[in-house]
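Colleague: Below is the sequence, then the predicted model.
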Amino acid sequence: MTSTDREGAARELLAFYREAGVDALLEETPTDRFATDRPSAVPAPRAEAARAKGEASSARAAPTRERELPGRVAAAVAVSPEAAVMAAREAAKSAASLEELRALLERFEGCALRTTATQLVFADGNPQARVMFVGEAPGRDEDIEGLPFVGRSGKLLDRMMAAIGLDRTSAYIANIVPWRPPGNRTPTPQESAICLPFMLRQIELADPDILICLGNPSTQTLLNSKEGILKTRGRWFPFHTGTREIRAMATLHPAYLLRQPLQKRLAWRDFLAIKKALAT
Ligand code: URA
């Protein structure tokens, strides 16, 4: 093969990767994700730093108890989805605080998305806030920074929140799935189901008064709705956190609003309803 042939073959391979959704290189050398003696997940320095900055300031957050957390929770890929859901339920139930839940998720190997993501994207904002927003899954920017909604749609979410007097000190923000799906694809129902017990426990531990689902996957997963977001949005639903009943509403995802700016008027109505609910 000449060097021109090799270059052509490399270009074709890269084009194939791009079409398949591979848009970021993670490591210089390949990793055998199926090796059984692979060490369990590496801690994420950027997320650790962000956590130290954000969650350390939370006065109402439950104190981290000095106790052993399981070293590995469900081996990656090797277990069936049903076993992964069971392991997720067990692990999530055992978390006594948001810090413990985060630590358990860092070690949870039941969701294969963790193997392609750079790091866990757990939450941002104030866990003591009265309102919690739940999106779909981290995108590229979130995967890099280790925080939810920091990219273009995050900037729009910040503006929408600001319009009703909210910011990241008065709102808590997370995603149904805490790892970036490759190429920003929608998480599969199976991936959402595996991560759901962690999200339900996160809601229970954060204990907001108002829960806002951003977009369809979050709405369908948390509110059990079969209808599309345009039908479901803007209405209040009762939501059982496990300890009490709160109010939940679905609204349009900021990424959708970036593509369909005319629909912002619907989101504006929803945000006014949120503002009113927070005033009571
Ligand atoms: N979209 C989401 O649903 N969540 C993020 O964190 C970013 C974009």
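Modeller: Sure thing, it's come through.
Colleague: from what I can see Val177 touches Gly135, true?
Modeller: No. Between Val177 and Gly135 there is no contact under CB atoms under 8 Å: 9.3 Å. C-betas here are computed from N, CA, C, even on glycine.
Colleague: Which neighbouring residues are in contact with whichever residue of the stretch 101-250 of the chain sits closest to the ligand, exactly?
Modeller: Nearest residue of the stretch 101-250 of the chain to the ligand, counting by CB to the nearest ligand atom: Gly135, 2.9 Å away. Residues near Gly135 by CB atoms under 8 Å, 6 or more residues apart in numbering: 148-149, 173-176, 214-215, 218, 253.
Colleague: tell me which of those is nearest to Gly110?
Modeller: Nearest to Gly110 among the contacts of Gly135, counting by CB to CB, is Ile176 at 15.2 Å.
Colleague: Now stretch 256-268: buried residues?
Modeller: Using 16 or more other CB atoms under 10 Å as the test for burial, stretch 256-268 gives 256-257, 264, 266-267.
Colleague: Could you do stretch 132-149 as well?
Modeller: In stretch 132-149, counting by 16+ other CB under 10 Å, buried: 132-139, 141-149.
Colleague: how long is that stretch end to end?
Modeller: End-to-end distance of stretch 132-149 (CA to CA, to the nearest Å): 13 Å.
Colleague: Check stretch 221-232 too.
Modeller: First-to-last residue span, stretch 221-232, CA to CA: 13 Å.
Colleague: how about the nearest residue to Phe239, chain neighbours excluded?
Modeller: Ala248 (3.8 Å; CB to CB, 6 or more residues apart in numbering).
Colleague: Check the burial of Asp167 by counting its neighbours.
Modeller: 12 (other CB atoms under 10 Å).
Colleague: quick one, what contacts Ile164?
Modeller: 271-272, 274-275, 278 are the contacts of Ile164 under CB under 8 Å, 6+ apart.
Colleague: With Ile203 instead?
Modeller: Here Ile203 is in contact with 132, 134, 211, 239, 241-242 (CB under 8 Å, 6+ apart).
Colleague: Need the max-distance pair from those residues.
Modeller: Going by CB to CB, the pair spanning those furthest: Val134 and Gly242, at 15.3 Å.
Colleague: coming back round to it: which among the contacts of Ile164 end up buried?
Modeller: 271, 274, 278.
Colleague: Alpha carbons of the strand or helix carrying Leu13, as CSV, please.
Modeller: Taking DSSP states H and E as the criterion, the element that holds Leu13 is helix 3-19. Coordinates of each C-alpha in helix 3-19 appear next as CSV, following Å, rounded to 0.1, in the frame of the first residue of the first chain:
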residue,chain,number,x,y,z
SER,A,3,1.2,6.3,1.6
THR,A,4,-1.6,7.9,-0.5
ASP,A,5,-3.6,4.7,-0.2
ARG,A,6,-3.0,4.6,3.5
GLU,A,7,-4.1,8.2,3.9
GLY,A,8,-7.2,7.5,1.8
ALA,A,9,-8.0,4.4,4.0
ALA,A,10,-7.5,6.4,7.2
ARG,A,11,-9.8,9.2,5.9
GLU,A,12,-12.5,6.6,5.1
LEU,A,13,-12.2,5.1,8.5
LEU,A,14,-12.5,8.5,10.2
ALA,A,15,-15.5,9.3,8.0
PHE,A,16,-17.1,6.0,9.1
TYR,A,17,-16.4,6.8,12.7
ARG,A,18,-18.0,10.2,12.4
GLU,A,19,-21.1,8.8,10.8
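Colleague: Which ones among the contacts of Ile164 lie within helices?
Modeller: 271-272, 274-275, 278 (DSSP state H).
Colleague: so what pLDDT did Pro43 get?
Modeller: Note on Pro43: pLDDT of 39.
Colleague: cool, Arg201 as well?
Modeller: The model's pLDDT for Arg201 equals 98.
Colleague: mind listing what the residue lying closest to it once chain neighbours are set aside touches?
Modeller: Nearest non-adjacent residue to Arg201, counting by CB to CB, 6+ apart: Ala92, 3.9 Å away. Residues counted as contacts of Ala92 (CB under 8 Å, 6+ apart) are 101, 104, 197-198, 200-201.
Colleague: Before I go, just wanted to say thanks for your time.
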